[in-house]
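Enquirer: Based on what follows, work out the 3D shape:
(2 chains)
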Amino acid sequence: MPEIPNKKRVEFWSGNEVVAEAAIVAGCRFFAGYPITPSSEIAHILSHRLPMLGGKFIQMEDEIAAMGAIIGASLTGQKVLTATSGPGFSLKQENIGFAAMIEAPCVVVNVMRGGPSTGLPTALGQSDIMQARWGTHGDRPVIALVPAYLDEVYTETIRAFNLAEKYRTPVFILLDEVIGHLSERVDLPDDDEITIINRQGPTVPPEEYVPYDTSAGDVPPLANYFSGYRFHMTGLNHDRSGFPTTDPALCQRENERLMRKVDGNLDDIIRFENTSTEDAEILVVAFGSSARAAAVAIADAGSKGIKAGMLRPLTLWPFPEEELKRQVSKLKSIIVPEANLGQLFYEIDRLVAGKCPIRRLNKVGGVPIYPSEVMALIEAAN
Amino acid sequence: MALKYESFLRMQHIPHMWCPGCGIGIIVKSMLRALETLEWDQNDTAMISGIGCTSRAPGYLDMNTLHTTHGRALTFATGVKFARSDKHVIVMSGDGDSSAIGGNHLIHSCRRNIDITLIIVNNNIYGMTGGQYSPTTPIGSRAATAPWGSIDPPFDLSALCIAAGATYVARGHVGAAAPLERLIRGGLKHKGFSVIEVLSNCHTQFGRRNRLSDPVQLINHIAAKTINVREAAKLSPEELKDKIVVGLLHQVERAEYCDAYDQVIAKASASVSH
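Expert: Purely as a prediction, here's the structure:
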């Protein structure tokens, strides 16, 4: 048989399968979770796959416990993952804040379903995006990735682990039920196309180590438990040594540093895709399954001679603010289709600040946004 | 044997924040004595806690230490132990932290039989938050939120842990430090989930509201209610009615969780190589 040059590996997977497989490639060997639709397939696959690799899978007694367990494992040096959906994401919020506060790398997948409360467990929603942004108490940095195509779910899952390790912070992957459950062709990157980032370990001997040493930058090196580097961590406000403090200046400085880890590295963290935006007068801003519908509408509009394009964030938080502001001056309308009652609209309305009319399409009945619905708005705006 | 405090304590953080006369100091010292006799390496030992007076203990101890969220210490400890089953993990928790907000994690840790040692400081009250009644406050006792006397039936924590599947359960009290050290040492050595419930004094929050505001008076009050498990065996249920049994209450051998998972890894790995 003749050899096929540059043969790529191709799989036919669901979004949830892609997350599980990509997590393994990223180096994740520890998963703790709790059963919840529509994310459970991630747990199913990892319960099978991780022990084959000498990794650990544990089904905890509840969502809170799963979040605690991955943070504990992270401190031993593991790359860790949990996966959940809306109600479980709500339950995890306190420990997500704890991870942000002690600066423990971890990745949390939320396969979003309809809400509020139990809502629509088997149908899509995109209504947890503001919970991802603001869900835990207190101020803390947020990184949330929203891949829409399964090739991207693969690369963005790996990127989620890389960002968590690089910035010592929780990173969210927000899929919606449609992305989690649809199956499609996945073109896997070659090994040499994949970059794996591991956390920065200590560069000083144990007796000089403190867990929040920022002398070399805003992200302090993190030692592993049981490595001979004994240190303390607490959810209380703490100084560079890791011990509690109520000193107003120290609390102010450390809280601001936490935010600066993300705000100071926007170019590294923010990813987005522009489609037909160069001469667009109408801009659709959408993510996840809504963006897939919008992409069809944009192509359709182009064939009808309508100048419509799409700005599609892959990093939802921090939002690609500068890119939206750059485009807004030449637009006559912005369209925001989303499977919630206006959460992304709220952010875009804030950024656009009246410079351009915004049309919104909000569906919360559990059915995805259709291309024809986005097309109708594009035609109305034209 | 003289204890070398400096080797276990972070002296730069002493004096501690506990009230003068608090029983937690006796319990921490008993634990350190047990650790010293076992010759566990501090680098190989993690000490994890939740929220409350007791949960401030890890900050004073020179090990791998983590002060987590209220009630959740066992979940973090499970992650640490499951990731590094070759290392030692100890949890210290109060009665409210372990059995109210953390009650679900308590029973499931017992059920899993993961090799963690849990020391519960049971002082029958929420101390740090200002003396509210806890799941172990006796009926009729006064608390900041029970000014007319508590009507909530209390948990018997040791009985709860035995029923939930813990494989080592002991109860001691702060009026008897030497037996307490032995009970803690037994729990540390035991392979599986070990619980040492320690009856302790919060004269500041519990005692003050219940005519037991002097620490020695309250410790004596606790001691007077206890009866050793061997003595208790000779008495009828009627005679034991108002007594609290102390000593080693329960010890059985059962598959430890991380060991059981090692079998899963062996099975799964073998399927790959075939």
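Enquirer: number of nearby residues for B:I244?
Expert: 19 (other C-beta atoms under 10 Å in any protein chain shown). For the C-beta atoms, the positions are set from N, CA and C on the backbone; glycine is no exception.
Enquirer: Also the one 3 residues further on?
Expert: B:G247 sits with 18 neighbouring residues when counted by other C-beta under 10 Å.
Enquirer: Report the rounded mean pLDDT for the helix or strand hosting it.
Expert: Per DSSP states H and E: B:G247 is located in strand B:244-251. Strand B:244-251 comes out with an average pLDDT of 98.
Enquirer: Please apply the same query to stretch B:262-271.
Expert: Per-residue pLDDT over stretch B:262-271 has a mean of 96.
Enquirer: Repeat that for stretch A:124-136.
Expert: 98.
Enquirer: now stretch A:196-208
Expert: Stretch A:196-208 shows a mean pLDDT of 97 in the predicted model.
Enquirer: and what of stretch A:350-358?
Expert: Regarding stretch A:350-358, the rounded mean pLDDT is 97.
Enquirer: residues in contact with it?
Expert: Identification of contacts with stretch A:350-358 by C-beta atoms under 8 Å, 6 or more residues apart in numbering or on different chains yields A:319, A:321, A:324-325, A:328-329, A:331-336, A:345, A:348-349, A:381.
Enquirer: From one end of that stretch to the other, what's the distance?
Expert: The straight-line separation of the ends of stretch A:350-358 (C-alpha to C-alpha, to the nearest Å) is 11 Å.
Enquirer: re the thing from before, helix or strand next in line after the strand holding B:G247, which one?
Expert: As assigned by DSSP H and E, the chain's next helix or strand after strand B:244-251 is helix B:257-273.
Enquirer: Identify each buried residue in that following helix, please.
Expert: Across helix B:257-273, burial judged by 16 or more other C-beta atoms under 10 Å in any protein chain shown covers B:Y257, B:C258, B:Y261, B:I265, B:A268.
Enquirer: Could I get the contacting residues of the residue lying closest to the third one once chain neighbours are set aside?
Expert: Distances taken as C-beta to C-beta, 6 or more residues apart in numbering or on different chains put A:K56 closest to B:Y261, at 6.8 Å, once the chain neighbours are dropped. With contacts defined as C-beta under 8 Å, 6+ apart, the neighbours of A:K56 are A:R29, A:F30, A:F31, A:L50, A:A73, A:Q78, B:F82, B:A83, B:Y261.
Enquirer: three-state assignment of the fourth one?
Expert: Secondary structure of A:L50, reduced to three states by DSSP: H, G, I helix; E, B strand; the rest coil: helix.
Enquirer: Can you check the pLDDT for it?
Expert: Looking at A:L50, its pLDDT stands at 98.
Enquirer: Now residue 18. Nearest residue, chain neighbours left out?
Expert: Using chain A. The shortest distance from A:V18 to any non-neighbouring residue, by C-beta to C-beta, 6+ apart, is to A:V153 (4.4 Å).
Enquirer: actually it's chain B I care about, not the one you picked
Expert: Distances taken as C-beta to C-beta, 6+ apart place B:I24 nearest to B:W18, at 5.3 Å, with adjacent residues excluded.
Enquirer: State the pLDDT value of the one you found.
Expert: For B:I24, the predicted pLDDT is 98.
Enquirer: Quick check: it vs chain A, distance?
Expert: Distance, B:I24 to chain A, by C-beta to the nearest C-beta, to the nearest Å: 17 Å.
Enquirer: circling back to that earlier point, nearest to B:S141, of the buried residues of helix B:257-273?
Expert: Nearest to B:S141, judged by C-beta to C-beta, of the buried residues of helix B:257-273 is B:Y257 at 36.6 Å.
Enquirer: residues touching the closest one, list them.
Expert: Contact analysis of B:Y257 by C-beta under 8 Å, 6+ apart lists B:F82, B:R112, B:N113, B:I114, B:D115.
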